[in-house]
Each structure stands twice: as C-alpha cells, then as structure tokens.
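Novice: Provided below are the primary sequence and the corresponding predicted coordinates.
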Amino acid sequence: MVQALDDASLTVGRGKRLGILGESGSGKSTLAAAVMRLLPRHACVENGSVQFRGQDISGLPESELQRIRGAEIALISQDPAQALNPVITVGDQIAEVLRAHRKMTRRERRSRVEELLGEVGFDRPTEIYGAYPHELSGGQRQRIVIAQAVACRPLLVIADEPTSKLDASLQAEVLSLLQGLSERHEIAFVLISHDPVVLAGFADRIAVIYAGRVVEEGSTEEIFLSPLHPYTQALIRLAGRHLFSVSERTRLRAIESEPPDMASVATGCPFASRCPERMQVCDEGYPRETTSQSSHRVSCFKYE
C-alpha cells in the first residue's frame, strides 16, 4: 500500500480561488481525482469526507454523483488532447455536457455552445463548433475543455495544471480567462500547479503539498512574501527570477536530492532529508500544525 494523501484538509468558498502548489508526485492530481471520485480502480479512500454544499458526497451512489459531476463540480484535465474525442466535433463534445444535465432542445444547445465558444475567446464560434480537435492548436483545445467545464455554470471547477503544456503568453491568456469566469459567475476554482508563477496572480490562497500532506497554507501574499516552511521557501526562491527583480546572473539554489518515494516514507518529517534547517527532532515524528491569527498555517518543528 502506498499512501498518496494523508490528512489533506482544504476549504474553498464560493467564487474564491485556491491554488495547490507542489512538485510532481506530491499528490496534487490524486487530490483532484479523490474529490471527483475518479481514482483508478487500484486506489481507495480509507477515511475522510468531501463536503460540498453541506453534504458529504464521498459516499453517494455513482448515479447521484454523476448528476453532480459536470453540473456542479467540473474538472479541467491536464492534457486537452487526451480529454477530447478525436472523431467528434468540439461543438458536439461541449453539447454533450448540456445534454446530460440540462433540458434543452437541439437548437438551444447549439446556441448555448456557440455562446460559450465566444465567452472563452473564439472570434468565429460557428466555424469552431464544427472543427475536430486535431484542427485546433493547443491553446484552442484548452479553451474547448474550459468551455466544457463551465457549460452548466458549476459552483466549483478543479483545474489540474491547465497551463503546463502552453507557452508563457498562452498561459497568461488562459489564466486571465479562468479569472474572468470566476469573477463573472462566482465559480470557485482549485488550480493545481507545480509552478508558483502560475498561481501568483490567480489564487486568493495557496496550499503547499509535499509527500501527500499540506505543509503550509496561507493567503497568496503570505505565501510569496513571508513563506514559513523550508519547502515553500525553496519553491518561492526558485521562482524568484520571474516574480521579483532578480539579476539574470544570480545563482538560484536548487532543492537538494529527490522527492521521497511514497512507498517507503520514513518516520518523521518527509522533507527532513532535503531540508537545510534539519534538526534531530525532525527524524522523530511529524510536526504538529500551527496557525497564526491570520489563518496562515504551517507544519514545521521550527514553529512549535
């Protein structure tokens, strides 16, 4: 058994934007799949709950959960090329979401899809409706899966690294689009990323995950201007050249070693072997969570 997530407790309010930050393998995508109950067959949730609008949806029958997925909680996957069916037009693929959750005529669905295509930035939505995924660029395909996600005006959208396969200019366009949708329709977003720069101008709050645990959570300003956990400090330092006025000749320190093997995580703080501030107590147990008055929380022996 490999424990991919352990006591990952997070909250996001309506219309708010929460960023999930961490290296590859830290458990970010597993968290998204667990919330949507889309884990692979060999995975399971041993305990815990997913509270949505006052209801624990983690134990709902699949038939009831299908009514929530897409309509009230939506997922933007990491790779739109794999998420889209190559032999169905993109317009029909967006219309499928509406057909599953809304009582509409075919003409009404067509009109609504073209409206959505315009909302996500297409100048000629009628032409795009009949296009196939391979006829569109990477950035255009990403806009299609965003249109799918927001078609029913869900309350929550989980975006799993939606900009990881795009260049810097397209990243900025997609993030601006997501932010605009959140503000116009009061959609809450959980944006997953390994890049602090992506979250800097988008998220209201950021949770930092390492080895399946939330090691720090705070407002975006707190995380970037006064990070507490040594792991968070290292991530922000690595992003410094893009976020702050750092000379191109400044040598950036890497995080030593590799992320832990989740199949054999030792007792103690999992970041201890990579931490420049390691103490003896770090090898003896996991640190308790401490919270400041500003709701900035961290799990590190430095603050106990």
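Specialist: Good, I have the coordinates. Keep in mind it's a predicted model, so treat the numbers as computed, not measured. Numbering: from 1, shown residues only.
Novice: contacts, neighbours, all on C-alpha from now
Specialist: Will do.
Novice: and P162, what does it touch?
Specialist: Taking Cα atoms under 8 Å, 6 or more residues apart in numbering as the contact definition, P162 lies against 76-79, 142, 192.
Novice: please apply the same query to V174.
Specialist: Counting by Cα under 8 Å, 6+ apart, V174 touches 139, 143, 163.
Novice: I figured the second one hits L116, correct?
Specialist: In other words, R143. No. Using Cα atoms under 8 Å, R143 makes no contact with L116, being 9.9 Å away.
Novice: out of those two, which sits in the busier spot?
Specialist: R143 (25 against 22; other Cα atoms under 10 Å).
Novice: now do the phi/psi pair for the residue lying closest to that one once chain neighbours are set aside.
Specialist: Spatial nearest neighbour of R143, excluding adjacent residues (Cα to Cα, 6 or more residues apart in numbering): V120 at 6.0 Å. Phi and psi for V120, reported as degrees, to the nearest 10, are phi -90, psi 10.
Novice: look up how far E173 lies from V120.
Specialist: To E173, V120 is 10 Å away according to Cα to Cα, to the nearest Å.
Novice: what's the single longest helix in this protein?
Specialist: Looking across the chain with DSSP state H, the single longest helix is helix 168-185.
Novice: let me see the mean pLDDT of that one.
Specialist: In this model, helix 168-185 has a mean pLDDT of 93.
Novice: also stretch 267-283?
Specialist: So the average pLDDT for stretch 267-283 ends up being 91.
Novice: in that stretch, which residues are buried?
Specialist: 269-275, 278, 282-283 (16 or more other Cα atoms under 10 Å).
Novice: out of the residues you listed, which sit inside helices?
Specialist: Among the buried residues of stretch 267-283, no member lies in helices (by DSSP H).
Novice: for R17, state which of the residues you listed is nearest.
Specialist: F271 (26.9 Å; Cα to Cα).
Novice: which ones are touching that closest one?
Specialist: 210, 231, 260.
Novice: now it: how far from C300?
Specialist: 10 Å.
Novice: for the stretch 151-300 of the chain, what spans make up the helices?
Specialist: Secondary structure of the stretch 151-300 of the chain by DSSP state H, counting those that start in this stretch: the helices cover 168-185, 196-200, 220-225, 230-238, 240-243.
Novice: closest to E256 out of those helices?
Specialist: Here helix 230-238 is closest among the helices of the stretch 151-300 of the chain (Cα to Cα), at 9.9 Å.
Novice: the closest one: which residues count as buried?
Specialist: 230-232, 234-238.
Novice: go through the residues you listed and name the one nearest S295.
Specialist: Nearest member of these to S295, counting by Cα to Cα, is T232, at 16.4 Å.
Novice: who touches the nearest residue to that closest one once chain neighbours are set aside in this structure?
Specialist: Leaving aside its chain neighbours, T232 sits nearest to V208 (6.9 Å; criterion: Cα to Cα, 6+ apart). Residues in contact with V208 (Cα under 8 Å, 6+ apart) are 20-22, 214-217, 232.
Novice: in CSV, list those residues along with pLDDT.
Specialist: Below are the contacts of V208 laid out as CSV (pLDDT from 0 to 100):
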residue, pLDDT
I20, 97
L21, 97
G22, 94
V214, 95
V215, 96
E216, 97
E217, 97
T232, 96
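Novice: name the helix or strand of this protein that has the lowest mean pLDDT.
Specialist: helix 240-243 (a mean of 58; mean pLDDT, DSSP states H and E).
Novice: so where's this protein uncertain?
Specialist: By pLDDT under 70, the weakly predicted segments of the chain are 240-252, 265-266.
Novice: okay, and the beta partners of the residue nearest in space to the middle of it?
Specialist: When Cα atoms, centre = their mean is applied to the chain, the residue found nearest the centroid is I192 (2.3 Å). In this entry, I192 is beta-bridged to I20, D160, by DSSP bridges.
Novice: quick one: R41 and A34, what's the gap?
Specialist: 12 Å.
Novice: and the two? which has more neighbours close in?
Specialist: A34 (18 against 6).
Novice: from T267, how far out is the more buried one?
Specialist: 25 Å.
Novice: could you find the closest non-adjacent residue to S219?
Specialist: S219's closest residue in space is R205 (Cα to Cα, 6+ apart), at 4.1 Å.
Novice: wait, I meant M262
Specialist: Nearest one to M262, counting by Cα to Cα, 6+ apart, is V2 at 6.1 Å.
Novice: my read: that neighbour touches G212, true?
Specialist: No. V2 is beyond contact range of G212, at 10.5 Å (criterion: Cα under 8 Å).
Novice: so between those two, which is more surrounded?
Specialist: In this view V2 and G212 are compared by other Cα under 10 Å, and G212 has more residues nearby, 22 against 10.
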